[in-house]
Structure formats: C-alpha cells, structure tokens
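In: just coords:
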C-alpha cells in the first residue's frame, strides 16, 4: 500500500513539474515575441529615412527592395530566425514571377522579401495603409486591396498587371489573410485573381510552401508567443501559364493549392 501512495505522490509531483515547465516555456515564448517586436521596430525606424527617399521615384524602387531585403535579413538574424530554402528548381535571374504562398505568420513578409529576386512588389490588405511603417510601401511600390470591394480588387489587379508587364514580380498570399479558424493552421481556399492574372499576362507562378514557420510564430505571436529556430521553406518548380486560357484558371488555382499543401506541416 505504501508503494502505491509513493507512486501517486511521484505522479502528482510530475504533474506539478509539467505545469510549471509549460508555464516557463510560455513565458519564454512571450518574452521572445516582445524582443522580436522590439528588434523589428528598431530596424524599421533606422531604415525608414532610406525607405522614404527611395520611394520618391519608381526609378529607385529597385533600391527600395534591396533595402527591405537587407532589413529582413538583419531582423531574422537578430531574432534568431533562420529561413532555410529548398528549391525544386533554381529560379531564373531576371525572370518575372508571381509568387503564391501560404500565410500563417508575420514572418512571411520577411521570408518573401529574402526569397524574391530582382524587382518585386506585394499585394496586401488595405488596412496596411494605416501601419505607419508599411504605409510608405503601400502608397508607392506595393498594392493595397480592400477584400470587401470588387472595384478595389479590379483596380489592384489592373495595377499589378501593369507592373508585371514592366518586369516587376508580384508576391501574393492567395488565401487573402491569416486564418484564425484553425490551429495548427490549415490551407484555406484561394482567391481567383492571381491565377487569372498569371494566365492573362503569361507569367509563371512560383508556389511557395512555408512548411513549419507557424511553429516559430503563428500570426503576430500574441496568443502563443514566438521562438527562434529554422523555418523551412519549399520553393516549387515554376508553373508555366503561356499555353493556358482563362477557362483554365480554376484548374490552375487547384494545382497551385495542391502544390503548396503537399509540403505543409500540421503536427
């Protein structure tokens, strides 16, 4: 009987220890999130004057992209986040692409800035115009879109089409937003716009799977915190669109969805 009571006591103490350990891990993750926000804020302030000057003319948009690529690398280094890219096939220098990527984390912007080659721009939600640090991009090189307005979407994709014709790659998250419906996250249905645009302009699509980035930071990290480590990114072979018609846009959308989903980690 004594042995039974001893075992019960051991299990109770183990339970208390696990609760304590989980609490400590949660505190450390929230501390890392606060530290990450601080690092990003500091570099945003340091780079802002240079962003502002480079954003004054489309001729210096290449410099603007180089600056945000550099800032992304510095932020990733100081917060201890290591993006590890696996390429199914090397991307061609000078080629204009539409990068389509799943969206689960604030890290995603930083990752795509590091990945994208040459001249590129983002399409993102109109609410980003209210962000004091991102406004300089969405009033110049990047394209804001109101998800609830068909007219806004039409204008946004018209502008994106013009940029593609001028050799500027497009980065877009076809889910439209980070979904808070599931945790661990699931890939949500795609919007049609980028696939119709790719076919109309004959631009190859690069499907990008951010496989485990959500484990390092989900959304803005407020709920679960964040942690340093390696984020695995799988870059699929570009999908050509030159032989497709608008009637093929749904099939293309499904193909890109399946490619991205095939590499995701949900455990």
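Out: Sure, I can see it. This is a predicted model, so every value here is computed, not measured.

In: use CA for all of it now, contacts and neighbours both
Out: Will do.

In: Please, where are all the helices along the stretch 51-200 of the chain?
Out: Under the criterion DSSP state H, counting those that start in this stretch, the stretch 51-200 of the chain contains helices at 61-79, 107-115, 135-138, 150-165, 193-201.

In: Could you export these as a markdown table, including distance to residue 94 and mean neighbour count?
Out: Supplementary listing: the helices of the stretch 51-200 of the chain in a markdown table, determined by distance: least, CA to CA, whole Å; neighbours: other CA atoms under 10 Å:
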| stretch | distance to residue 94 | mean neighbour count |
| --- | --- | --- |
| helix 61-79 | 13 | 19 |
| helix 107-115 | 14 | 20 |
| helix 135-138 | 22 | 20 |
| helix 150-165 | 12 | 16 |
| helix 193-201 | 16 | 21 |
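
In: right, and those - which one's nearest residue 221?
Out: helix 107-115 (9.9 Å; CA to CA).

In: residues contacting residue 81?
Out: Residue 81 makes contacts with 216, 228, 229, 230, 231, as judged by CA atoms under 8 Å, 6 or more residues apart in numbering.

In: For it, give the beta-bridge partners.
Out: Residue 81 has these beta-bridge partners by DSSP bridges: residue 229.

In: just to revisit the earlier point, pull out the buried members of the contacts of residue 81.
Out: 216, 228, 231 (16 or more other CA atoms under 10 Å).

In: Show me what secondary structure element comes after the helix or strand in which the last one is found.
Out: Residue 231 belongs to strand 229-235 when assigned by DSSP states H and E. Next helix or strand after strand 229-235 toward the C-terminus (DSSP H and E): helix 249-261.

In: per-residue confidence averaged over that following helix?
Out: For helix 249-261, the mean pLDDT works out to 95.

In: Just the endpoints, please. Distance across stretch 115-134?
Out: 19 Å (CA to CA, to the nearest Å).

In: Could you list the buried residues of it?
Out: Here stretch 115-134 shows 115-117, 119-124, 126, 128-129, 133 as buried, counting by 16+ other CA under 10 Å.
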